[in-house]
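[1] task: produce atomic coordinates for the following.
(one chain, ligands or ions: 2)
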Amino acid sequence: MAKAKIAYVCEDCGADHSKWQGQCSACARWNTLKQITVSKHAPVVEGVVTGFSGAATTVQNLADIRLEDSTRVQTGLSELDRVLGGGLVPGSVVLIGGEPGAGKSTLLLQVVTELAKKIPCLYVSGEESHQQIAERARRLGLPDGNVQVAFLTFAEHVAELVTKERPGVVIIDSIQVMQMSGVESAPGSVTQVRESAAFLTRLAKQTGTAIVLVGHITKEGNLAGPKILEHIIDCFLMLDSPAGSRFRTLRGIKNRFGAVNELGVFAMTDRGLREVKNPSAIFLERPQEMTPGSVVTVTWEGTRPILVEIQALVDQVQGGYPKRVAVGLDGQRLEMHLAVMHRHCGVSLADQDVFANVAGGARVAETAADLALLVSIFSSFQNKALPKDLVVFGELGLTGEIRPVPNGQERLREAQKHGFTQALVPQANRPRAPIAGIEVQTMASLSDVLDAVSTMIQ
Ligand code: TYD
Ligand code: MG
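    Numbers count the residues shown, from 1 in each chain. Ligands and ions are numbered 1, 2, ... in the order given. A predicted model of the protein is given here:
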């Protein structure tokens with residue numbers, strides 16, 4: 001075997017360093033460098049893997065390259081298909097990350113048993129025994145007729161099986177337990193995970209088999225695995241499980257074959273994961289009686305609108321500095337809004353604690369939620385509830401102007417569909433034609449908004 005070389009790789013961003021240092025020079029995080037051993041030549045399995053994409057050394061004109069029909073395979077779960085960009089692409093490598101217990105194994109077992117009706121599938125587990133997998137499949141009542149199951153931890157053995165059986169889809173549960181016999185490093189180490197993933201990626205490209213890798217990730221997201229693999233794989237999907245909630249969201253972080261930021265929603269039941277076709281309904285479970293500090297906004301997730309409830313609590317400071325806490329929202333934007341509200345409308349919350357939250361454990365990264373956040377804070381500050389059928393969206397600028405958001409029409413239609421009859425939206429999002437069933441008020445500045453809200457809560 002070729003002589004091994006020592007190198008250091010950042011667990012967080014995957015950057016290589018020749019010497020150990022306290023801080024990663026690529027992502028500036030501290031104490032993330034881990035020692036790895038790099039063999040001079042990539043480990044080779046006879047006749048299987050020779051290099052990325054078949055080591056093509058010729059140059060071709062872009063226009064002359066023939067496009068092959070990459071027929072996507074539908075997984076049978078439409079929420080997953082949408083996040084993937086329309087199904088699984090043959091020869092692609094998909095990484096599904098999530099905390100232990102999020103439901104990754106459950107999701108993939110459901111997917112693989114469904115897929116096996118159409119194409120041969122292989123489920124490789126290095127964590128659960130054949131018995132445990134079979135037990136789960138029976139309990140969930142899955143059609144398990146055509147799935148091949150193997151308990152393996154060596155990537156080379158997976159390659160041998162794949163070249164022999166030629167499955168269309170291979171699930172690897174999980175990449176953290178995979179290792180390569182040619183690599184001198186402990187199983188589970190950064191070296192093993194990285195080498196195994198690179199090896200399996202070459203395998204996928206050369207055999208045209210789609211490979212789905214499971215990657216465990218901690219709350220901080222820096223366990224050896226997902227982060228260092230992001231550049232190798234084609235798609236990275238995160239399965240999130242909000243604390244205490246039975247709902248699971250599947251979000252695209254990277255996708256070479258489709259849009260990212262698509263959101264799939266599932267519910268964990270006693271019969272496995274069920275798709276939630278109408279996510280607005282779950283984030284909108286509200287009490288009959290409206291309370292101050294609650295308002296609904298429409299966020300845009302990938303290709304569809306979702307209604308979520310924004311809540312705020314404003315309370316007299318109990319000694320010390322005023323607190324500003326945002327859960328599921330951007331904390332810096334919260335501070336910014338308070339400054340704009342003071343400077344442009346003379347509403348000061350300097351002696352108040354402000355807490356903001358998205359109900360149901362959802363996360364809203366969009367600036368379109370600005371207006372709803374402000375309105376909920378104002379409502380809590382005034383201690384007056386807003387109308388139950390009100391929906392609010394729009395972005396707030398530093399000069400107190402209300403800026404337009406994309407897909408205004410579709411957002412309004414979604415709100416109307418769910419029974420909302422009045423909306424506060426940016427001026428530039430005025431619908432071209434009135435939308436039946438919803439009365440739309442347009443806003444140009446923050447003072448317009450506070451005026452409109454003040455009349456509503458009287
Ligand atoms: P699992 O798929 O094993 O998680 P992961 O592979 O991401 O670690 O899911 C484990 C959790 O899901 C466990 O806490 C129990 C729960 N669960 C259900 O609630 N219902 C079910 O039908 C199944 C299979 C699991
Ligand atoms: Mg698992």
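
[2] number of residues surrounding Glu439?
    11 (other Cβ atoms under 10 Å). The way it works is simple: take the backbone N, C-alpha and C, and place the C-beta from them, glycine included.

[3] what sits closest to it if chain neighbours are left out?
    Gln422 (4.9 Å; Cβ to Cβ, 6 or more residues apart in numbering).

[4] run through who's touching stretch 441-454.
    340-341, 344-345, 347, 371, 374-375, 378-379, 382, 386, 394, 396, 400-402, 422-427, 429-430 (Cβ atoms under 8 Å, 6 or more residues apart in numbering).

[5] tell me the buried residues in it?
    Neighbour-count burial for stretch 441-454, with 16 or more other Cβ atoms under 10 Å as criterion, is recorded at 441-443, 445-446, 448-450, 452-453.

[6] now swap in stretch 12-31 and tell me
    So for stretch 12-31, counting by 16+ other Cβ under 10 Å, buried means 12-15, 24.

[7] can I have the buried ones of the contacts of stretch 441-454 as a PyMOL selection?
    In PyMOL, a selection of the buried entries from those looks like this (16+ other Cβ under 10 Å):
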select buried, resi 340+341+344+345+347+371+374+375+378+379+382+386+394+396+400+401+402+422+423+424+425+426+427+429
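
[8] show me the contacts of stretch 441-454 that map onto strands.
    396, 402, 422-426 (DSSP state E).

[9] would you turn those residues into TSV with distance to ligand 1 and pLDDT?
    Shown next, in TSV, are the ones in strands among the contacts of stretch 441-454 (distance: Cβ to the nearest ligand atom, whole Å; pLDDT from 0 to 100):
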residue	distance to ligand 1	pLDDT
Leu396	38	96
Ile402	42	97
Gln422	39	96
Ala423	38	96
Leu424	40	97
Val425	39	97
Pro426	40	97
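
[10] burial measure for the residue nearest to Gly101 when sequence neighbours are not counted, as a count.
    Residue nearest to Gly101 in three dimensions, not counting chain neighbours: Ser241, with 7.1 Å by Cβ to Cβ, 6+ apart. Per other Cβ under 10 Å, the neighbour tally for Ser241 reads 19.

[11] list the contacts for Ser241?
    98-99, 101-103, 247-248, 268.

[12] and Cys10, by the same measure?
    17, 24, 26-27, 29, 32-34, 228.

[13] distance of it from ligand 1?
    Distance, Cys10 to ligand 1, by Cβ to the nearest ligand atom, to the nearest Å: 25 Å.

[14] kindly report the same for Gln23.
    To ligand 1, Gln23 is 32 Å away according to Cβ to the nearest ligand atom.

[15] and what of Glu262?
    From Glu262 over to ligand 1 (counting by Cβ to the nearest ligand atom), the distance is 20 Å.

[16] ok, now Glu195?
    Distance of Glu195 to ligand 1, given as Cβ to the nearest ligand atom: 23 Å.

[17] count of residues packed around Arg304?
    Neighbours around Arg304, by other Cβ under 10 Å: 15.

[18] could I get the pLDDT score of it?
    For Arg304, the pLDDT comes out at 79.

[19] can you pull the contacts of it?
    Arg304 neighbours (Cβ under 8 Å, 6+ apart): 263, 414.

[20] okay, and the beta partners of it?
    Listed beta-bridge partners, Arg304: Glu301 (assigned using DSSP bridges).

[21] and the buried residues of stretch 12-31, which two are furthest apart?
    Gly14 and Cys24 (9.6 Å; Cβ to Cβ).

[22] may I see the buried residues of stretch 12-31 organised as CSV, with secondary structure added?
    Below are the buried residues of stretch 12-31 laid out as CSV (DSSP: H, G, I helix; E, B strand; the rest coil):
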residue, secondary structure
Asp12, coil
Cys13, coil
Gly14, coil
Ala15, coil
Cys24, coil
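
[23] the buried residues of stretch 441-454 in strands, which ones?
    Using DSSP E, these in strands are 441-443.

[24] for Gln416, see how far away Ala436 is.
    8 Å (Cβ to Cβ, to the nearest Å).

[25] who's in contact with the closest residue to Pro322 other than its chain neighbours?
    Spatial nearest neighbour of Pro322, excluding adjacent residues (Cβ to Cβ, 6+ apart): Asp353 at 5.5 Å. Listed by Cβ under 8 Å, 6+ apart, the contact partners of Asp353 are 313-318, 322-325.

[26] are any of the residues you listed buried, and which?
    313-314, 322, 324.

[27] now pLDDT and secondary structure too, for the contacts of Cys10, in a markdown table please.
    Below are the contacts of Cys10 laid out as a markdown table (pLDDT from 0 to 100; DSSP: H, G, I helix; E, B strand; the rest coil):
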| residue | pLDDT | secondary structure |
| --- | --- | --- |
| His17 | 86 | strand |
| Cys24 | 86 | coil |
| Ala26 | 80 | coil |
| Cys27 | 80 | coil |
| Arg29 | 83 | coil |
| Thr32 | 81 | coil |
| Leu33 | 83 | strand |
| Lys34 | 81 | strand |
| Ile228 | 76 | helix |
